[in-house]
Every structure is written in structure tokens, then in C-alpha cells.
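[1] quick one, structure for this:
(2 chains)
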Amino acid sequence: MKLHVSCILLSVVFMFAACGSGNTRSGAVAEAGPVKDSTEAQMVKVPGKKPLRLLTERPYNLETPLRYFLEDFTPNDVFFVRWHLPVPPAPVDEDTFRLRIGGNVGRSIALSMKDLKTKFTPYKIVAVCQCAGNSRSHFNPRVPGAQWVNGSMGNAVWTGVKLKDILAMAQPKANTKFVSFNGLDQPVFPSTPDFVKSLEYAHAMDGEVMLAYEMNGEPIPFLNGYPLKLVVPGWYATYWVSMVSEIRLYADSFKGYWMNKAYLVPKGVPNGNEKPDSLAKDMEPVSKLDVRSVFVSPQPGFTMQKGKTYEIQGLAMDDGTGITKVEISRDKGKTWAQARLDPVLGKYSWRRWRYTYTPVEEGPVEFLAKATNAAGATQPWHQWNRSGYMRNEIESLPLNVSK
Amino acid sequence: MKQQLIGGLIVLFVIGISCMQEQKAAVVVDEHWGDDSATRDIKDVQTILPQDGDVELVESSCTPCHSLRYIEMQPQLTRKSWEKIVDKMVHSYGAPVRDSVSQQHIVDYLYSIRGKEG
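    Predicted coordinates for the structure are as follows:
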């Protein structure tokens, strides 16, 4: 009899496994003004990319339309684009490009792309690259900054070299504490701080942080950081420095605008929370990805037909601890039902979830999605911080049901 | 034992068929939403802010580093928020603003097009 039960279970698992990513808005949005609302979609075409949602054309800040999140790996030609400084680097010549490593090292080195591709063991990892400000436009009250909806994220296979292998070649001194990363992008004025990020040395040497020269099996697109991009699995994309050309090691601390003044969140507070009328005083650099889930399909406002069966689909991600559960509610959180999770694509990948639903009544219906990870971390009902970082509030998807 | 096996297979078959039907019927709405038909070339993107007050001062002070779209994109913000933003642009990023009077004019303009009470 045991055999029968396991057969049935197996068959059920198989059937579910056999079955096949909306700008959800959970805060106040529409605002009248003399100029167009910031969340209104405008599509633009840039060389090397399919049409992307325009945030700004200088610097390039372009968002992936939601429908591409129906794919597990975000295609390179729709992967979101985020630059801080306005001077687009000139096309990089792979033959003359050099990665320089210096500072607190035994010997300063300069590596060519050929060196990186031939002198080291290639390393590959699947990881979500999500902007710290992803979904900023959903915060209520609204906050200034790049007004992303949910599309400043993407999942990819990154191929390159472990940072620890590269740093080892430069013989880091034993007292090294920090490592900084600078790319080829540059400010207009000397008074504007160059975009330089840093990691603690132990983190840089953890065997997962890497310099990628390929994204989904192709060279990294120019607008995503060709020829070398820092990949910091489980950490927000602000650390994923593009066009990395200079790495420096420090015996003491690294100080820089983009580490000490920008990209800060309230210190030691879950989800980087604070209140508009009592802002946190103690701040720290944003770091690991919060647990979150997003709806991918259908798009908000879609009308389902009564009696027809639909698959509500979305993605969940965290800092690499591992998504273990995604729950769906149709009654504002009174009751929750578990969504089915797709197989894990990698520790730092996002994980797709699916929920089958057959509407029985006409009228509006609102879905909520909530992810939980292996450490029991989940999503908050409400979240806010002044800069609009680490958005992971429980999201809602409003749909309709017709006859 | 044989009966159990047959019974089990029948249950398996029924569950299998019903699951298949359910899954076959489940619609993944992946139609092409989002309107790509209005796509422009990025070179054609041009933001025109309301042409009054100190718009020229705003244009000359802000556009060396970012396009006017960066302003158009912002939500409505309180005067205090705009003061903080402009102060950051001048003192952290080195925006070319002559003096505190000009800085105040920039705040006034931004507040006039993208302001809210509070």
C-alpha cells in the first residue's frame, strides 16, 4: 500500500511540476502635477537593448518591463541599466583594457582580459542582481530618487573569476581590512565623488564574490558593465560595480561618499524601517537582500473570466539563505494558502512560485504574496525609509473577475 | 495485494487525469502587455519643464550632470525635501550654483512644479 501512496504522491508532484512575471502598486501612486507622473511608462530604445522603460536618459537608467520576468534568466538585451555618473565611458577595447590591483598588497598588478580568462579557473554562479532602490516608486509617502517600479532586478548566470583568486595574485598584506572597487565611469566635475564601492576583505575573499566577464554565456552588455562586473551574490546591486578597472586594498577603513553618505539605511533595523516624522540617526550602508516576493503574472488590473483556471505567478528572493515558502492570501491576510515553488536554480537565484486559481464570483479580487526563507525571515506589512531602499513590503495584485 | 495494486493504479490514473485537466486549463497570462509601440529612440528623449520662473537657472545648474527627466521623474515632495535635495546637489555633488540666493530660486522652482504641503 505504501507503494501506491508514494506512486500517487509522485504522480501528483509530477503533475504539478509539469504546469508552466505587473507593476503592482501597494502604495498611493497617481499624483496630478504640471509634468507627467513619474510612474507613467515611457519606452525607449538604446543600442544593444530591446525597448526598456525609461527612467532617465542621462545618466542611463532603464528598467526591465515586467513581462520578461516570466523567464528564469533575464535576457541580456532587456537587463536593467543603472548608472550614477553621466559620462558614458568610451567603448572599451578588450585588448588594451587592464584591471589594476594595488594598495595594501605585496605587488601591484595589472591584468588583461586575456589574463583573466586564461590564468584563472573559471567560476560560475546564478544570482539575482537587484537595485537597492528597486520598487522605490511604491513607497508611501513617496521618496525622491530613481522612480523604479519592480524592474530594476534581473537573474543571470555569471561567469568569471573568484575575487579571492585575483586578489591572491597581488599578495594582499596580512593586515588588509577593506577592498574598494572603481569602474571606468566618471563624473563631469572633479567635485563630484567618483562612484567607488567597498567590501570588507573577509567578504571579498569568501570565494563567492567574483568578477564576471560573461552574463548568461555572452560578454556582459556595454550598458551592464562590459568588460568586467563585480558580482556580490546576495547583496544589492549597488555593490555590483560596472566596468571595474581598479581594485585597492586597505589596512585601515575605506572612506568614500558612496559608502559613507549614500546608500545608507537605518542601522540594525529590520527592513531598513524608519518613520517620516522621526528619522533614524544611526545609519549603515545597505547590504544584503531582504526577503521579498513580487507578482509577475497576470498584470495588475487584468480581468479573469469566472470559472476559468488561471496561474498566478511570481518570483521570490533573498540573500542566499533560501526561500522555503510563498503564501497567497485573497482576504487581506486573514488566511494564507501555499503557492507551489519551482526547483531551486541556485542559492542566490530567485525562485519562481505559482498559484492556481479559479474565480467563482464576479467582482474585484486582491491577491497578496508573502515569502519566507529558511531562517524564518519574512516580509513586513508596512515599510518605509527616506531613501526608498530594500523595498520588501507584502505586495498586492488587484485583479477583476467577469462573467 | 493484487486488488490493492489495481485500486491504487485506478486512483493514480484518476488523480493524474484530473490534475492534467486542471493544469491544462490553468492559463498563464503572458500576453504582450506593456506598450512597446510608442518606443522612441533614446536620442529623441527630450524633457521640457514648465517654462516659467527660474527654469533657465534650473536647466543650467542641473543639466551638466543629469537630464531634466530626472526632475520630471520625481514625485511631489515637500519644500523641506526639495531643500535637502538641492543642498545635496550643490554641496555633495558640486552642482554649479553661484550662491545661496540662486540655490533658493532653484528650490522655489522645483517646489512650484513638484511640490506638496508638509
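[2] where along the stretch 251-400 of chain A do the strands fall?
    Along the stretch 251-400 of chain A, counting by DSSP state E, counting those that start in this stretch, strands occupy A:264-266, A:283-285, A:292-297, A:303-305, A:310-317, A:323-329, A:337-338, A:340-341, A:351-357, A:363-373, A:395-402.
[3] and if you look at chain B?
    For chain B, the strands defined by DSSP state E cover B:27-28, B:40-41.
[4] so for A:Ser278, which of these sits nearest?
    With CB to CB as the measure, strand B:40-41 is the member of the strands of chain B nearest A:Ser278 (43.1 Å). In short, each C-beta sits where N, CA and C put it, glycine included.
[5] average pLDDT for that closest one?
    Averaged across strand B:40-41, the pLDDT comes to 93.
[6] list the strands paired with it, with their directions.
    Sheet partners assigned to strand B:40-41 using DSSP bridges are listed as strand A:43-45 (parallel).
[7] what mean pLDDT does the strand it pairs with have?
    Computed over strand A:43-45, the mean pLDDT rounds to 94.
[8] neighbouring contacts of the next helix or strand after it?
    Remark: after strand A:43-45, the chain's next helix or strand is strand A:52-56, criterion DSSP states H and E. The contact list for strand A:52-56, computed with CB atoms under 8 Å, 6 or more residues apart in numbering or on different chains, reads A:41-46, A:61-65, A:78, A:80-81, A:146-149, A:151, B:34, B:42, B:45, B:66-67, B:69-70, B:73.
[9] quick check on those: which are buried?
    A:42-46, A:61-65, A:78, A:80-81, A:146-149, A:151, B:34, B:42, B:45, B:66-67, B:69-70, B:73 (16 or more other CB atoms under 10 Å in any protein chain shown).
[10] can you give me the helices in the chain?
    Unless you meant another one, I'm taking chain A. Taking DSSP state H, the helices of chain A run over residues A:2-18, A:113-118, A:163-169, A:201-204, A:257-260.
[11] ah, I was thinking of chain B
    Ranges of helices in chain B, per DSSP H, are B:2-25, B:55-62, B:69-72, B:79-91, B:100-114.
[12] weakest of the ones you listed in terms of mean pLDDT?
    helix B:2-25 (a mean of 54).
[13] what is the burial count for A:Lys325?
    17 (other CB atoms under 10 Å in any protein chain shown).
[14] next one: it from chain B, what distance?
    21 Å (CB to the nearest CB, to the nearest Å).
[15] residues contacting that residue?
    So A:Lys325 contacts A:Gln338, A:Leu341, A:Ala371, A:Thr372 (CB under 8 Å, 6+ apart).
[16] out of those residues, who's nearest A:Gly225?
    Nearest to A:Gly225 among the contacts of A:Lys325, with distances taken as CB to CB, is A:Ala371, at 28.3 Å.
[17] hey, what's the closest one bridged with?
    Counting by DSSP bridges, A:Ala371 is bridged to A:Val326.
[18] I figured it was touching A:Gly322, is that so?
    No. At 10.7 Å, A:Ala371 does not count as touching A:Gly322 under the criterion of CB atoms under 8 Å.
[19] who's more crowded, the two?
    Taking other CB under 10 Å, A:Ala371 and A:Gly322 do not tie; A:Ala371 has more neighbours (29 against 13).
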